[in-house]
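# starting from these lines, generate the structure:
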Amino acid sequence: MKKKSQIAIETLMIYGAVILIVMLAIGALVYFGVLDLGSYLPDKCNLPGQIKCENWRISTNQIELELRNSVGKNIIISGIEFTGVDDWNTVGCTATSGETVNNGDLKLYTLDANLDTNHECSFPPGKKVKGTLTVTYNIVGSLIDQPLQGQLQAKVG
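Below you'll find the model as predicted:
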């Protein structure tokens, strides 16, 4: 009876060691960028609150966003900023508007290079880009800016 239990324990230990080695190898490949598991995640644009990101497109040198005003009042979007990290480089794109967006309206915004910093708005084609999207707005008649922060993740087309 002792021999059977010893064989069972040795078998479990060998299978456990093999599984551990395989998991470490996959982890190393992901860590060093050989495997890009992020490319299998779906595209998304999440802005919490009442400004909705309806549609988006990322090209190699700009980001296009369609934002809908669902605040319930007319607003002024004063600025949109995208910051992210791609292959250890910081990426930054901005757009300034200052125009009034009526309640329920959909507007297209184009984010280009951020000239205030050293960040470039350039993305490698075919890669998945992920970063923070910040929309600054205020309600018409108000002097207080409302920052709204969300996530943008999409494949460069």
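# show me where this protein has its helices.
For the chain, helices defined by DSSP state H occupy the ranges 2-31.
# poorly predicted segments of it, please.
Residues of the chain that meet the criterion pLDDT under 70 lie in 1-2, 86-89, 114-119.
# so what are the domain limits for it?
Using automatic domain parsing, the domain parsing of the chain gives 1-35, 40-155.
# list the buried residues for stretch 94-109?
Within stretch 94-109, the residues that count as buried by 16 or more other Cβ atoms under 10 Å are 94, 95, 97, 101, 107, 109. To be clear about C-beta, it is placed using only N, CA and C from the backbone, and glycine gets the same treatment.
# cool, and stretch 148-156?
148, 150, 152, 153, 154, 155, 156.
# next: stretch 62-70.
Buried-residue list, stretch 62-70, by 16+ other Cβ under 10 Å: 62, 63, 65, 67, 68, 69.
# nearest to residue 31, out of the residues you listed: which one, please.
Nearest to residue 31 among these is residue 63, at 27.7 Å by Cβ to Cβ.
# follow-up on the earlier one: out of the domains of the chain, which is the most enclosed?
domain 40-155 (a mean of 15; mean count of other Cβ atoms under 10 Å).
# and that one, end to end?
One end of domain 40-155 to the other measures 10 Å (Cα to Cα, to the nearest Å).
# how far out from the middle of the chain is it?
Distance, stretch centre to chain centre, for domain 40-155: 11 Å (Cα atoms, centre = their mean, to the nearest Å).
# distance check, residue 58 against residue 24.
33 Å (Cβ to Cβ, to the nearest Å).
# what's the most distant pair in the buried residues of stretch 94-109?
The largest separation in those, counting by Cβ to Cβ, is between 94 and 101 at 17.6 Å.
# related to what we said a few turns ago, among the buried residues of stretch 148-156, which are located in strands?
Within the buried residues of stretch 148-156, residues falling in strands by DSSP state E are 148, 150, 152, 153, 154, 155.
# how about a markdown table for the residues you listed, with distance to residue 90 added?
Below are these laid out as a markdown table (distance: Cβ to Cβ, whole Å):
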| residue | distance to residue 90 |
| --- | --- |
| 148 | 21 |
| 150 | 19 |
| 152 | 15 |
| 153 | 17 |
| 154 | 18 |
| 155 | 20 |
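# the chain: strands as residue ranges?
Counting by DSSP E, residue ranges of the strands within the chain are 44-46, 51-58, 63-69, 75-86, 89-96, 100-101, 106-113, 128-139, 146-155.
# who's in contact with residue 107?
By Cβ atoms under 8 Å, 6 or more residues apart in numbering, the residues touching residue 107 are 66, 67, 69, 77, 97, 99, 101.
# fine by me, we can end here.
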